[in-house]
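Participant: Kindly generate the corresponding structure for this input.
(chains A and B)
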Amino acid sequence: MVSRFRAIYARRDILRLLIRRDLKIKYADSKLGYVWSVLDPLLMAGVYWFVFTQIFQRGGVGREPYLLFLLLGILPWMWANGVIRDSMRALTADAKLVRSSNLSREVWILRIVGSKVMEFFFSLPVLLLFVLLYTREPSLYLLAFPLAVLIQTVFLVGVGLTLAPLSVLFADIKRLLRVVMRVLFYLSPIIYGVRDVQQRAPEWVSTIYVLNPLAGTFDLYRAAFFPDFFAGWTEVVVAAVVSLGFLALGMVVFARFEGRVLKEI
Amino acid sequence: MRSVIEAQNLGVWFHANRRRRMKIRDMVLRRNVPIPKGRFWALRNVSFSVGQGEAVGLVGANGGGKSTLLKMIAGVLIPDEGTVSVHGGVAPLIEVTGGFVGDLTARDNISLTAGLHGLSRRAINEKFDEIVDFAEVGEFLDMPFRHFSSGMKVRLGFSVVTSLDEPVVLVDEVLAVGDRAFRDKCYRRMEDMLSGGKTLFLVSHNENDLRRFCTRGLFLSRGQLVADGPLEDTLAQYNEELDRGRS
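Facilitator: Below you'll find the predicted structure:
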């Protein structure tokens, strides 16, 4: 395992090159590239804001300003969603590249996580815009923002390493994942907060709920601007532990199926 | 002589049945587990070792496992049985245009492919002009790769891979392409590499090419290594088998 880490680190040049290429295709090749990439989360936030402030009464779920509250969940969700969606094509979309070089093939998943995290960073100015608009002051939790990014990265690398080889070998993973992602959206604290679950649902539900690593991480992002709504560090620790578990699972699955995947692509 | 390539009891199998992928249902219900059934060995019980500076020609009929063997030496296919170890890096002239992306310019493709084969950014910058000169694509550097003619594509691929400066060079039939002028250039470069002490592994159906470069021959037939010796002996045995098959 250690030797694999070292092999990947030795080829960080090519990882950087691949990520830069992805971003170039995304942003440079169309002049509206940046607008497109932030339009999606903005539109989503706008729709949920409309539905849950103008039509439904939320009855105290979430916090005001609700639009900012939503964005703090939707932006990292877009990152997670993008990685999980793309990692199913990680080894097949560029099959010729994968087939023609013998670099550590984990790179093809790291590349997706990397370019999506860059897109996440690029979308943060939108958040800043709304922070300024609502004249919201950040709390000290803002310092923990990188920690949340790190935990989410570990989680997504693990999930990506698991899904990429399995979706080559099993035909229906993609269809299954489409359903799972839709469910996961509502089971992650995006349109509501972790505290809402803890206050409203039975205790055993909220215990299971925080096993989703996105719960602890999204809650930590949010704490930067909604400190009084932060559920606590226990949830963050749970998220970190579960994420490391996913990373271990991903590394085992990837190493186990790598040989068979190479025959299939 | 130090051995550079060491293959021990190498084997790899592929699925013979037509349904390529499993369904999750099959795995959960454990029915029709397809691994042990319907597989055929593309290569099995292959052992040999190649010393530094040797030039080995690989012959055999189509489907004999030549390309599969090359891919495993290149590390782009993982054996199911046995091991193959290569001391030092490999410059694989296999599907040389495989690493290129149609939408990118030739310039970007050179950095991408050279990087994928392990060249650092600094080395790429140093060798860039040499690669472009050899491939004779200087005026098309900023053209998308998909607009290249097939000859130009192969020239660029050959140029990138041969500039890798790895101790082992694997060649799979690429010499058959390109016009004569470029072919001569390729021959010269390969001779340069050989005289520079590199180890060469050549797959070809062309006996002239084999005689020109190789001193030792391996003969693969239906996944088995049936001959390993001086090139002329191996070629004789190969031709004999071919004639036998015809009569």
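Participant: hey, where'd the helices end up in chain B?
Facilitator: Taking DSSP state H as the criterion, chain B carries its helices at B:24-29, B:66-74, B:106-116, B:121-135, B:150-162, B:180-195, B:207-213, B:231-246.
Participant: Grab the nearest non-local neighbour of the residue most central in space within chain B.
Facilitator: When chain B is reduced to its mean C-alpha position, the nearest residue by Cα atoms, centre = their mean turns out to be B:Ile94, at 3.8 Å. In this structure, B:Ile94 finds its nearest non-sequential neighbour in B:Asp172, 4.4 Å apart by Cβ to Cβ, 6 or more residues apart in numbering or on different chains. Backbone N, C-alpha and C define where each C-beta goes, glycine included.
Participant: can you check A:Ala144 too?
Facilitator: A:Leu220 (5.6 Å).
Participant: quick one, what contacts the one you found?
Facilitator: A:Leu220 makes contact with A:Tyr141, A:Ala144, A:Phe145, A:Leu147, A:Ala148, A:Ile151, A:Phe230, A:Val236, according to Cβ atoms under 8 Å, 6 or more residues apart in numbering or on different chains.
Participant: I'd like the next helix or strand past the helix or strand hosting it.
Facilitator: Assessed by DSSP states H and E, A:Leu220 sits inside helix A:213-223. Note on helix A:213-223: by DSSP H and E, the next helix or strand toward the C-terminus is helix A:233-264.
Participant: From the chain's centroid, how far away is that next one?
Facilitator: A distance of 15 Å separates the centroid of the chain from that of helix A:233-264, by Cα atoms, centre = their mean, to the nearest Å.
Participant: name the helices or strands packed onto that helix?
Facilitator: Packing partners of helix A:233-264 (3 or more Cβ pairs under 8 Å, 6 or more residues apart in numbering or on different chains; DSSP states H and E): helix A:145-169, helix A:213-223, strand B:3-15.
Participant: Tell me what angle it forms with helix A:213-223.
Facilitator: 130 degrees (axes from the mean of the first three to the mean of the last three Cα atoms, to 10 degrees).
Participant: Report the buried residues of helix A:233-264.
Facilitator: Residues of helix A:233-264 classed as buried by neighbour count (16 or more other Cβ atoms under 10 Å in any protein chain shown): A:235-236, A:238-240, A:242-243, A:246-247, A:250-251, A:253-254, A:257-258, A:261-264.
Participant: what's the average pLDDT for that helix?
Facilitator: Per-residue pLDDT over helix A:233-264 has a mean of 93.
Participant: before we move on, back to that, could you pull up the contacting residues of the residue nearest to the centre of chain B?
Facilitator: So B:Ile94 contacts A:Ser100, B:Ser67, B:Leu70, B:Lys71, B:Ala74, B:Val76, B:Leu170, B:Asp172 (Cβ under 8 Å, 6+ apart).
Participant: min pLDDT across the residues you listed, which one?
Facilitator: A:Ser100 (81).
Participant: Now it: closest residue in space, sequence neighbours ignored.
Facilitator: B:Gly98 (3.8 Å).
Participant: That neighbour: neighbouring residues, count only.
Facilitator: By other Cβ atoms under 10 Å in any protein chain shown, 18 other residues sit near B:Gly98.
Participant: One more: A:Val183?
Facilitator: 9.
Participant: And B:Arg189, by the same measure?
Facilitator: Neighbour count of B:Arg189, defined by other Cβ under 10 Å: 16.
Participant: how close does it sit to chain A?
Facilitator: Separation of B:Arg189 from chain A (Cβ to the nearest Cβ, to the nearest Å): 20 Å.
Participant: and what of B:Asn62?
Facilitator: From B:Asn62 to chain A the distance is 19 Å (Cβ to the nearest Cβ).
Participant: pLDDT weak spots in the chain?
Facilitator: No chain was given, so I picked chain A. Counting by pLDDT under 70, chain A has low-confidence residues at A:28-31.
Participant: switch to chain B, that's the one I care about
Facilitator: For chain B, residues meeting the criterion pLDDT under 70 lie at B:1, B:17-37, B:174-178, B:246-247.
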